[in-house]
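*Asks:* Got a predicted model here, sequence first, then my questions.
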Amino acid sequence: MRKTNSKFITKFMSEPGSFLQNKDYFGFVELDKFAIYVIADGIDNDTDLEGAKIAVETIISSFSERPSMKSGLLKRLLNLANKKLIEESKNFRLKVSLTIVVTDYVKARYALVGNTRFYLLRDGYIKDQSQDQSLTQQLVDQEKVQLDKVAQHEERNNLYCYLGQDEVIIPYISSKISIKKGDIIALTTKGIWENIDDGELIDGIADAKEPQEAIDNIEDMLLVKQPQNLENYTLAVIFIEKIYENPQRRQKIKRIIFTLIPIILILAIIFLAFYYKRKQKIHQINEMNYYIENAQVYAESNNFIRANEEYKNALSIAQKLRLMDDRDRIDKFYKTTEAIINADELLQQENYQKALEEYLLAKEKSYYADNLGRSYIDNQLNYANDHMKVLHLMELGDRKQNLEDLAGAKEDYRLARDLAYNIFFTGARQEAQDKLNQIHQLETEKEKEAEAMAKEAEEERKQEEQTEEQAAKERLEDQLNGIETSKKGDISYSLGNYHDAKMYYTIAKELYQKAQAYSLANQIEEKIQLTEKKIQNEADSKAKAARYEKDANDQFEAGNLNNAKMLYMFARDIYQEIQLHKDIERMDEKIKVIDDLLKEKNQ
């Protein structure tokens with residue numbers, strides 16, 4: 001009943017143009033529920049077989065058996081036609097450019113391979129039209145060729161899809177197009193669109209009262225131009241004077257409405273539930289962001305305990321909402337503040353070594369948390385390092401005092417006291433001052449002992465001839481002082497303090513020479529030369545170690561941890577060799593940092 005209650009008027013023309021043979025073909029069938037219109041352009045050189053006719057007849061015949069507007073059917077029809085052309089090819093491979101239009105008298109759909117064209121005209125303008133499957137169309141899409149230059153472009157017939165090719169064809173299949181009373185469908189081959197532009201097509205068809213008049217108008221326009229080497233040209237025009245209207249449409253709409261109402265209610269309930277849940281989620285996300293902002297404010301003021309609490313609250317929400325990216329990001333900030341708090345507690349407990357390690361761990365975590373608290377961590381690292389330096393100086397002072405190097409011990413205690421004062425290390429400062437007082441007391445006692453010895457020597461000298469005894473006493477005293485000073489030099493040499501050793505040896509040499517102990521002076525000269533050599537070697541070794549350390553720092557900054565570790569170990573070996581304990585400890589700290597980074601990286 002659809003065809004009977006609709007009115008589609010179809011007319012067409014198909015001419016050979018300037019050629020002897022017409023390889024175009026048009027065919028259509030209007031069935032009760034569906035209609036099909038097929039226009040084809042043979043693009044091969046076979047003069048015996050008409051590929052366009054074979055393709056059109058194959059498509060119409062197959063469509064008539066099981067008519068439908070489904071896109072899958074149109075694709076199947078094109079594949080059948082493609083297979084048929086390949087089977088029928090003999091002297092030449094049959095090739096066809098083709099457009100199909102199907103309609104149920106209410107809507108229409110078209111499918112295209114090649115560069116035959118579909119136009120839908122409505123109210124005097126082109127409502128819809130097809131696009132060619134050609135290289136020129138690709139250039140138009142890329143804005144490399146203007147649309148009005150397509151008809152003359154040299155690649156307009158260079159098709160990437162057509163019937164008759166071995167490759168899988170990929171047609172363009174439109175969606176369903178609603179049609180209205182008064183619409184006009186036009187199908188053309190390249191003989192028409194190469195010579196008649198869109199404006200002329202509209203002028204020739206839109207003003208016509210019936211399809212044949214439109215056909216005649218377009219043909220007159222074409223022939224007036226008298227184009228050279230006019231291609232085969234085919235034009236089909238379908239006037240839609242009435243579309244099918246379903247008499248049960250209102251009842252159908254009512255049934256649809258009654259069916260949709262409960263569905264809409266269910267969807268509304270689902271939407272409201274989703275909206276409420278989403279609103280609640282947004283509220284929780286805002287609350288999470290509020291915690292994060294608070295944490296950042298606390299962290300900027302170095303209140304890491306409160307920042308840690310806020311990050312913990314934000315992390316709890318991120319885990320609850322399963323916001324994995326936010327959870328991972330917040331977790332990094334949370335663990336960084338946790339490491340800082342642990343390090344601060346260790347520092348307060350005066351466990352400086354572990355505090356230093358924890359601050360280094362916090363610094364590493366801070367790198368992955370937007371450098372959170374970096375300046376605070378660096379300050380605390382310096383603070384912990386300074387405390388360790390104070391303790392180290394105190395330890396050195398104790399060692400020197402045990403070796404009776406009171407001057408060296410006194411210098412170390414003084415440095416420890418001043419550094420402790422600067423960092424408010426009250427206990428160590430008092431301890432260092434107490435030890436300085438003890439050394440002062442020892443020095444006073446030694447001075448008294450020296451005075452007593454001098455008085456005793458004076459009494460002895462009085463018993464002998466004053467001049468001889470005085471000279472001998474002085475030589476003896478100088479020799480003794482030289483021996484004592486030489487011993488100090490030996491002690492400093494054994495401890496690796498070569499500059500102090502050289503000083504003591506030089507003083508001892510002068511004392512021996514003054515005491516006329518020339519053999520001892522010669523022996524001490526050898527020690528001076530050996531010490532100078534050690535000093536020079538130590539300077540060279542220290543410079544070499546400094547170069548290794550600088551290269552290691554560069555490698556560490558570049559992220560080459562293994563190379564940095566190796567260079568730090570080279571530097572450490574040199575510092576070990578020349579007994580520079582502070583430098584050895586610094587290298588140990590850097591090597592440990594790298595080991596921790598490598599361990600975490602391997603995990």
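*Replies:* Everything's here; your move. Numbering: from 1, shown residues only.
*Asks:* Assumed Lys11 was part of a strand.
*Replies:* Yes - under DSSP: H, G, I helix; E, B strand; the rest coil, Lys11 falls within a strand.
*Asks:* and it, bridged to which residues?
*Replies:* When bridges are called by DSSP bridges, Lys11 pairs up with Val237.
*Asks:* can you give me phi and psi for the closest residue to Leu346 other than its chain neighbours?
*Replies:* Among residues not flanking Leu346 along the chain, Ala355 sits closest, at 3.8 Å (CB to CB, 6 or more residues apart in numbering). To be clear about C-beta, it is placed using only N, CA and C from the backbone, and glycine gets the same treatment. Listed backbone geometry of Ala355 is phi -60, psi -40, with angles given as degrees, to the nearest 10.
*Asks:* just the helices in the stretch 251-400 of the chain please.
*Replies:* 304-320, 324-348, 352-367, 374-402 (DSSP state H, counting those that start in this stretch).
*Asks:* and of the ones you listed, who's closest to Gly164?
*Replies:* Nearest to Gly164 among the helices of the stretch 251-400 of the chain is helix 324-348 (53.0 Å), distances taken as CB to CB.
*Asks:* angle of that closest one against helix 352-367?
*Replies:* An angle of 160 degrees separates the directions of helix 324-348 and helix 352-367 when computed by axes from the mean of the first three to the mean of the last three CA atoms, to 10 degrees.
*Asks:* What's the mean pLDDT across helix 324-348?
*Replies:* For helix 324-348, mean pLDDT rounds to 86.
*Asks:* Mind listing residues that contact it?
*Replies:* With CB atoms under 8 Å, 6 or more residues apart in numbering as the test, helix 324-348 has contacts from 288, 292, 295, 299, 304-305, 307-308, 311-312, 314-315, 318-319, 352, 354-355, 358-359, 361-362, 365-366, 368-370, 372-373, 376-377, 380, 383-384.
*Asks:* Determine the angle, from 0 to 180 degrees, between that helix and helix 374-402.
*Replies:* Using the same axes, to 10 degrees: helix 324-348 against helix 374-402 is 30 degrees.
*Asks:* so how far is helix 324-348 from its chain's centroid?
*Replies:* Mean-position distance between helix 324-348 and its chain equals 24 Å (CA atoms, centre = their mean, to the nearest Å).
*Asks:* go on, stretch 334-352?
*Replies:* So, by CA atoms, centre = their mean, the centroid of stretch 334-352 is 32 Å from its chain's centroid.
*Asks:* Output that stretch as PDB - backbone C-alpha positions only.
*Replies:* This file holds the C-alpha atoms of stretch 334-352, laid out as PDB (Å, rounded to 0.1, in the frame of the first residue of the first chain):
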ATOM      1  CA  TYR A 334      51.300  12.300  52.500                       C
ATOM      2  CA  LYS A 335      54.400  10.100  52.700                       C
ATOM      3  CA  THR A 336      56.700  13.100  52.200                       C
ATOM      4  CA  THR A 337      55.200  14.900  55.200                       C
ATOM      5  CA  GLU A 338      55.300  11.600  57.200                       C
ATOM      6  CA  ALA A 339      59.000  11.300  56.500                       C
ATOM      7  CA  ILE A 340      59.700  14.900  57.500                       C
ATOM      8  CA  ILE A 341      57.800  14.300  60.800                       C
ATOM      9  CA  ASN A 342      59.800  11.200  61.500                       C
ATOM     10  CA  ALA A 343      63.000  13.000  60.800                       C
ATOM     11  CA  ASP A 344      62.100  15.900  63.100                       C
ATOM     12  CA  GLU A 345      61.300  13.400  65.900                       C
ATOM     13  CA  LEU A 346      64.700  11.700  65.500                       C
ATOM     14  CA  LEU A 347      66.400  15.200  65.500                       C
ATOM     15  CA  GLN A 348      64.600  16.100  68.700                       C
ATOM     16  CA  GLN A 349      65.800  12.800  70.200                       C
ATOM     17  CA  GLU A 350      69.400  13.900  69.200                       C
ATOM     18  CA  ASN A 351      69.700  10.800  67.000                       C
ATOM     19  CA  TYR A 352      71.400  12.900  64.300                       C
END
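*Asks:* Look up how far Ala343 lies from Asn91.
*Replies:* Distance from Asn91 to Ala343, counting by CB to CB, to the nearest Å: 90 Å.
*Asks:* Which one's more surrounded, the two?
*Replies:* For Asn91 versus Ala343, neighbours defined as other CB atoms under 10 Å are more numerous around Ala343 (26 against 11).
*Asks:* so where's the chain uncertain?
*Replies:* The chain contains residues with pLDDT under 70 at 1, 148, 247-254, 256, 275, 463-466, 469, 603.
*Asks:* What segments of it are strands?
*Replies:* Per DSSP state E, the chain carries strands over the ranges 7-15, 24-30, 35-42, 96-103, 107-113, 117-122, 125-129, 172-173, 177-178, 184-188, 233-242.
*Asks:* mind putting the ones you listed in CSV, distance to Ile270 and mean neighbour count included?
*Replies:* Listed next are those as CSV, based on distance: least, CB to CB, whole Å; neighbours: other CB atoms under 10 Å:
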stretch, distance to Ile270, mean neighbour count
strand 7-15, 44, 17
strand 24-30, 45, 21
strand 35-42, 42, 27
strand 96-103, 38, 27
strand 107-113, 31, 22
strand 117-122, 39, 21
strand 125-129, 37, 14
strand 172-173, 34, 16
strand 177-178, 31, 14
strand 184-188, 43, 25
strand 233-242, 42, 23
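*Asks:* Can you add distance to Ile574 and give the ones you listed back as TSV?
*Replies:* Formatted as TSV, the strands of the chain follow (distance: least, CB to CB, whole Å):
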stretch	distance to Ile574
strand 7-15	97
strand 24-30	93
strand 35-42	87
strand 96-103	83
strand 107-113	80
strand 117-122	85
strand 125-129	83
strand 172-173	77
strand 177-178	85
strand 184-188	90
strand 233-242	94
